[in-house]
Structures are given as structure tokens and as C-alpha cells.
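Chemist: pasted the sequence and its predicted model underneath.
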Amino acid sequence: MSAPGFLYVAIASVWLASAAQAARTDVTIGMQLEPPNLDPTGGAAAAIDEIVYANVFEGLTRFGPDGSVLPGLALEWSPKDGGKYYVFALRDNVTFHDGSAFTAEDVVFTLDRARSEDSTNAQKALFENIERVDIIDPTTVEIHLAEPSGVLPFNLAWGDAVMVDEASVDTLATAPVGTGPFRFERWVQGDRVELVRNDDYWGEAVALEKASFRFISEPTAAFSAMMAGDIDAFPNFPAPENIPQFEADPRFSAVVGSTEGETILAMNNAKAPLDDIRVRRAIAHAIDRAAIIDGAMFGFGTPIGTHFAPHHPDYVDLVEASGFDQDAAKALLDEAGVTDLTLSLKLPPPSYARRGGEIIAAQLREIGINTEIENLEWAQWLEQVFKGKDFDLTIVSHTEPLDIGIYARPDYYFQYDDADFQAMMESLATETDAAARSALLVDAQNKIAEDQVNAYLFQLAKTGVAAVGLQGLWENSPTQANDLTGVFWQD
Amino acid sequence: MRRTAAAIGVFLVALLVVMALLSLVWTPYDVTRLAIPDKLQTPGAAHWLGTDHFGRDILSMLMVGARTSISVALIAVGIGLGAGVPLGLLAASGAGGWIDEAVMRFNDLVFAFPALVIAILITAVYGPGAVNAMIAIGIFNVPVFARLTRGAALALWPREFVLAARVAGKGSLRISVEHILPNLSNLLIVQSTIQFSLGILAEAGLSYVGLGAQPPIPSWGRMLAESQTLITLSPHVAIFPGLAIVVSVLGLNLLGDTLRDKLDPRLTHER
């Protein structure tokens, strides 16, 4: 090394040493899956929102850490004419990362784009009820609905409903431009996405100057990266069995919270003999949820008896209705006249599915049902199970918030087709009264549990780990997000 | 020294075979029955090698896993012998002709792909499972035996006893079967032992990446894969299947070396 070179290094190390005294302003977040693109309005992958939601993009409303709907780019809103239309007052000092101002025209563009014929939005249903969006003045819009609805502010809080600018819409997938507190810096494919602080942010400045999201799919490698200090936090750590080891290490804190992930043993309701409710009930009664939570998740998870999150105020505990009862299961199978049954059990990669599947296979064997396990990669699973509906049983976690509405879609992969349930969901969509909405949600939960559409296993826990000192990460996961706006390092 | 190695090889292979055969009639515990409350027990009196994350007895799983490994490797060698040897004989009997060229270029083609890549391709297209693993590993064995057979057979064709047979009016097919093949048997036995141990490794590799025998059939590779995140917590769940693979491959290689020393005509001058 040349003498000047040495000098630079010496100066740099002195500077680094002094910088280490002050609180750190960068963070590296670990994620298991890399997103296919970075456009939350044009892709279904949870990994997209886990990077950009609340960080790069914002919507008119947003979810808070507890799942409540908070103001985003709209200061306030009010339903008019019994929920027939809504008036949104927009913030007036907001600019996109490319410098252009955020105005009412962007709201119209965003919502028209999401609803358009060729829209690739993964949650088009969120916008179905919107009839038209009117500009009153640059900071006021009226959103008119086809049917009165109480859920518009909730729908607009989703990552799929964030505001985009017409000028940058073609490059959102690789170079997202939003209004958030962080701007996109670069994406090293296969490794990481880097964000930097947006110094022109309209709101309170964030503490972090730089945030990297690193993708490590292998749980063992994730464990090593955390232990080596390469990663500061892994909000959804993929191997729950390692959580006690992090808890025991003074350098880390483990944060176990809730997610919106109802983990279910989905059954192909359109395929014999699973079209017989007695067979579906028999399968549900054969399953010992405690053994699955213990064996597959190492104790993390809450048993559920219907497709609803236990932390939701309208949740009904129906676990007992399909409780572990092998005698009842065998009796139901006899009644249905089913003998010598072999079912396919197709399992996607997460350990809840792979391990849970082995446990369920053993439990079904106890009542005389054989399974043929087939371990699939996500792409194969989407192709065969989700799109092709070529399966008998599968295990998957449905991580969207309040997604009981999927049971009203007869072409959805488990193919539950029930007119009563579809009517319930229709009335729910237009019901604006809170008490009546709650009642409908309770009825809906009971209905799918009574019909035993699927076997309901457990609510996925959010098993997060973070370096001690890193504060402000969400404990729970009301939506798929790693909101870094409140994250800071404590000395 | 050589005798000790031979003894160790024979002992380890015998152990492997006995474990596999015994598992047909008896295992300490049922490997398909899960006992979650007993999970991750360290080796002890009740479970000699401890239990895995589902509370299954690791010794029982290793015994049944040995059966999986052996059957996959055995059939894979069978495929290699069954297709490779006739191809090699055919190529040698028409040496220099277009059949020879066709057979050997086809072999080159198959050889150009690493075994694991072929196996992944086959199992990805036709679905994972023990049968497809057998076929995948078997296909890789074909060019190995074809080349070996052709090379050795070519060396035999100019020999006097072959010339005598030709003078007696025997066709090349008969000569290949009646005169060439018997003289290759030692060589093929040695190569089969080596391919067998490679087959066990390949099966472990395939089931490690999830393309071998599917659950609940135990397989060493999958046991290793499943214990990966537990290695810092309960090392024994990874150590024993790992040891099983190492020990069987070591045993088979020692046995293979011994057989080669005894049987391989190319080495006779050393004795």
C-alpha cells in the first residue's frame, strides 16, 4: 500500500471509530424471499410490500402497527349520503421522489389505473365498487361508489392501493417512485434492495439514512447471517426452532407477534370424496392442532377453528367445533361409506407446510386415510394447486388481512360454492353500520366452519428477531410490511 | 494394512445390509408414527441415537433409510449394467463403424451433464420420488458402463481366443456374449461396487434437495436436510444421518478397492 493510501485508511478508521459512538443510522433487514418486481400495484408477492409499503409508497390511508386505518396522503375523509360517496382531503405539501407534486389528479390516475381493463393489480376486488373519482379542487377528491360501503378507507390502506405518478408508472417494477420517507436507491438482483432517506419528505423526518433489504432464502444461512451481525433484523425469521437461541443471546431480542396468516389444510371441495361434508369433517376431527403447532412451529401459533384472525375483535372461537376426536372422525368416514381412501397432499416450501404436512399425514393415517405427499416449489404449487386446482389437500397460510371474502369466489382454488355465503359477502360489502358488519362477519365465520370448507389449523405467528438497540419495528403484522418510518437505533 | 482395510470394508457393508434387511421385519420403533412430545431427545437408553423433531426414533429411521438407499442404488446400478454393457459390447464389436460412433457420442452427450443435473431434470419433469431417483441415477450409470465395456472389449477383440472363435465362424454377437462378456465380469463387478457407492451418495443428494423418496419414507438425505436448522440446537439429528452416509460410502469404497485388487485383470501384474 502506498503512503497516501495508508493515510486515507488511517483517517477513515478514525472517522469510523468516532461515527460508531453516535447512534447508527443504517439498517439491514433480512427477508426470506426476493420480490419479483417492486411495483405493489402490479404484483401479488408479499415481498414487494415488505420492502416498499409505507417506506417508498403511501396510499390515501394506511395501516398502523395495530391494523387500524390511519391517515396517509389524505388528511381526513368522511362518508357522505350513507356511504354512497366519500370526500378525501389531501395533504398539499407532498411531492413524488421525482420532484412532481402529488395532487388530486394522481388520485384519479391511480384509481382509474387499478380499475382499468388491463390492470395487473393483484387485488382488483378492492376497487370494484368504485364508480368514479371526481376532482373538486387540487387537494380534494370525491370517490363515488356503486353501492354504499363502509370499507373504502380500509381498502385504500392496502399496499395495492398506494398512490403512483403517471410519469413514472412504466418503471415502477424496477425503479419505484413514490411519496414515502425513503427513496429507492438500487436493486442488486439476487442479493438486496437499498433505500435512502427522502430529505424532501412531507412528514416527520425518519431517523434512518439508509436501509437495505437482504434476501436469504435458506433458514440456516439466515441464522448464520444474524449471528455474524450481517443483518440487524429478520422480522419474519423462517425457522421458529431457532427463536429460543436468539432469546438466549444477549445481542438479540426475539419479538413474537401475530400475523394475518390463517394457516389451513385446504381441501378440494369440488372433488370426490371431498365434496362430501362428512369426509371433510372427518379430516378436520382427525387433526390434532396442538401437535402441529408444537411439531411444525415449535409452539408458535394460535389454534383457529375458522378463517379469521384471533386478534380481530369479531373473531369467534370455533376450535372446539372441529376439535381433535379420532372416534368421531372414524364414525363420519363410516357414515360417508368411504374406505381405503388415498389423497394427494401437495406441500409448498415453507416449514409450516412441509412439517405440518408430515404431521397431518401421520394423523390421517390413524383414521385410515392415506396420503401421497408431494413437495412442490412455489412456482409448481401456484401452477398445479392454485391455478390448476389439481390437488386433494394442501397446506397454505393466507396472509392477507380480513380475507374471508375468498370463500365467496367459487373459482378460488378450494372451490367452495355456496349461495348463502356469497349473499353474506354481498351484504357485507354494502353494509356501513358497524354492529351489523360485526354480525355478518360472525355469521360468515360460523358458516364456513359449519360447512367445514377447509380444516383450520392455526394463526401464523410473526417470529421476528432484531439486534438489541434496534427499536420501532412492528411487533405484529396487520399487513405485509416492514414499516421503517419509526425505526431507530438506541445507544 | 490392505487386509485390515478389506475387513473394515466388508464389515461396514455387511452392517449396512443387515440394518436394511432387519428393517424389513423389525425396527425399534415405527418410523411413520410421530410422537411430538418426545421430540429432539438426546441419545439414551430408550432411543439409542435419540429422536428427531417429530419424536421419531433416529435409529429406526436410519435402518429404513438404509433400505431406501440400497434399493435406489442397486436398481440404478442395474439400469447402468443392463443398458450400458450391451451398448459397450455393440460399440466394440463394430469398432470404427457408425454404430460405434453413434453409441459413443450419445454417451458423451449424457456424460457431459453432471449426474445431479440429469437427476434434477428428470425429477423436475416427472415429479419427485424414489422411482424417478432410481431412473435418474441409472441413466447416469449407462455411459459409465458402456465406456468401460467398450474399452475393455476392444482390448479383447484382437486376442487369440477371439480370433479362434471368428475362424470357427461365430458371429460378432455370439462372440461378444460367449467370449468377451465373461472376461469382463470381474471388471464390471468392481465398477458396480463403485457405482453403487456413488448411487448412495446421489440418492442422499437428491433427497437432500427434496427430489428423492418423499415423506413419510425415511431417507438419509432428507433427514440431513430437515435437521439443518436444528444443528446448533440438537446436533445429533444431523450427525447420525451424516455418519450413516459417510460410513456406507467408505465401506463400499474399501470393499471396491479390495475387489479390484483381487479381481481386476489390469492389476494382476502387481501381485
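Modeler: Thanks, I have it. Owing to the predicted nature of the structure, the values given are computational and were not obtained by experimental measurement. Numbering: from 1, shown residues only, chains lettered A, B, ... in the order given.

Chemist: in which helix or strand does the residue in the stretch 251-400 of chain A that chain B sits nearest to reside?
Modeler: For the stretch 251-400 of chain A, the residue positioned closest to chain B under Cβ to the nearest Cβ is residue A:295, at a distance of 4.1 Å. For every residue, glycine as well, the C-beta is placed using N, CA and C. Assigned by DSSP states H and E, residue A:295 belongs to helix A:289-297.

Chemist: that helix: what's the following helix or strand?
Modeler: Where DSSP H and E defines the elements, the next helix or strand beyond helix A:289-297 is strand A:302-303.

Chemist: beyond that next one, next helix or strand please.
Modeler: Moving toward the C-terminus from strand A:302-303, the first helix or strand encountered (DSSP H and E) is helix A:326-336.

Chemist: got the buried residues for that next one?
Modeler: A:328-330, A:332-333, A:336 (16 or more other Cβ atoms under 10 Å in any protein chain shown).

Chemist: same check on stretch A:270-281?
Modeler: Buried residues in stretch A:270-281 (16+ other Cβ under 10 Å): A:273-274, A:276, A:278-281.

Chemist: quick one: contacts for the residue of the stretch 151-271 of chain B found nearest chain A?
Modeler: The stretch 151-271 of chain B approaches chain A most closely through residue B:229 (4.1 Å), counting by Cβ to the nearest Cβ. Contacts here follow Cβ atoms under 8 Å, 6 or more residues apart in numbering or on different chains; on that basis residue B:229 touches A:219-220, A:223, A:239, A:241-242.

Chemist: could you pick out which of those residues are near chain B?
Modeler: When these are checked against chain B using Cβ under 8 Å from any Cβ of the partner chain, the ones in range are A:219-220, A:223, A:239, A:241-242.

Chemist: could you list which of the residues you listed belong to helices?
Modeler: A:219-220, A:223 (DSSP state H).

Chemist: ranking those residues by neighbours, who comes first?
Modeler: For those, the largest number of neighbours (other Cβ atoms under 10 Å in any protein chain shown) sits with residue A:223, at 24 neighbours.

Chemist: might you list the low-confidence residue ranges for the chain?
Modeler: Let's take chain A. A:1-21 (pLDDT under 70).

Chemist: sorry, should have said chain B
Modeler: Residue ranges of chain B with pLDDT under 70: B:1, B:264-271.

Chemist: tell me the centre residue of it?
Modeler: residue B:196 (2.3 Å; Cα atoms, centre = their mean).

Chemist: what is the helix or strand encompassing that residue packed up against?
Modeler: Residue B:196 is located in helix B:181-208, with elements delineated by DSSP H and E. Packing partners of helix B:181-208 (3 or more Cβ pairs under 8 Å, 6 or more residues apart in numbering or on different chains; DSSP states H and E): helix B:58-93, helix B:115-126, helix B:130-156, helix B:220-226, helix B:236-263.

Chemist: residues of the following helix or strand past the longest one that come out buried?
Modeler: Next helix or strand after helix B:58-93 toward the C-terminus (DSSP H and E): helix B:98-112. Residues B:100, B:103-104, B:107, B:110-111 are the ones in helix B:98-112 that count as buried (16+ other Cβ under 10 Å).

Chemist: one more: stretch A:97-111?
Modeler: Buried-residue list, stretch A:97-111, by 16+ other Cβ under 10 Å: A:97, A:102-104, A:106-111.

Chemist: got the domain boundaries for chain A?
Modeler: Taking automatic domain parsing as the criterion, chain A consists of the domains A:26-32+A:174-258+A:462-489, A:46-171, A:259-461.

Chemist: could you export those domains as TSV, including distance to residue B:219?
Modeler: Formatted as TSV, the domains of chain A follow (distance: least, Cβ to Cβ, whole Å):
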stretch	distance to residue B:219
domain A:26-32+A:174-258+A:462-489	19
domain A:46-171	31
domain A:259-461	12
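
Chemist: and of those domains, who's closest to residue B:35?
Modeler: Each of those was checked against residue B:35 via Cβ to Cβ, and the shortest separation belongs to domain A:259-461, namely 9.3 Å.

Chemist: list phi and psi for residue A:149.
Modeler: The phi and psi values for residue A:149, taken as degrees, to the nearest 10, are phi -150, psi 140.

Chemist: give me the distance between residue A:91 and residue A:308.
Modeler: Using Cβ to Cβ, to the nearest Å, one obtains 34 Å as the distance from residue A:91 to residue A:308.

Chemist: who's more crowded, the two?
Modeler: Using other Cβ under 10 Å, the more surrounded residue of residue A:91 and residue A:308 is residue A:308, with 26 against 17.

Chemist: against residue A:459, how distant is that one?
Modeler: With the distance defined as Cβ to Cβ, residue A:308 ends up 9 Å from residue A:459.

Chemist: now do the shared contacts for the two.
Modeler: Residues touching both residue A:308 and residue A:459 (Cβ under 8 Å, 6+ apart) are residue A:262.

Chemist: what residues does chain B have near chain A?
Modeler: Residues of chain B lying close to chain A by Cβ under 8 Å from any Cβ are B:32-34, B:36-37, B:39, B:53-55, B:127-128, B:210, B:214-216, B:228-233.

Chemist: just to check, residue A:137 is in contact with residue A:92?
Modeler: No. Judged on Cβ atoms under 8 Å, residue A:137 makes no contact with residue A:92 at a distance of 10.1 Å.

Chemist: flag every buried residue along stretch A:387-404.
Modeler: In stretch A:387-404, counting by 16+ other Cβ under 10 Å, buried: A:391-401, A:403-404.

Chemist: residue 163: neighbour count?
Modeler: In the absence of a named chain, this looks at chain A. Considering only other Cβ under 10 Å, residue A:163 is surrounded by 25 other residues.

Chemist: oops, wrong one, chain B.
Modeler: When neighbours are counted by other Cβ under 10 Å, residue B:163 registers 12.

Chemist: for the helix or strand harbouring it, name the packing helices and strands.
Modeler: Taking DSSP H and E as the criterion, residue B:163 maps to helix B:160-167. Helix B:160-167 makes packing contacts with helix B:172-175 when contacts are defined by 3+ Cβ pairs under 8 Å, 6+ apart.
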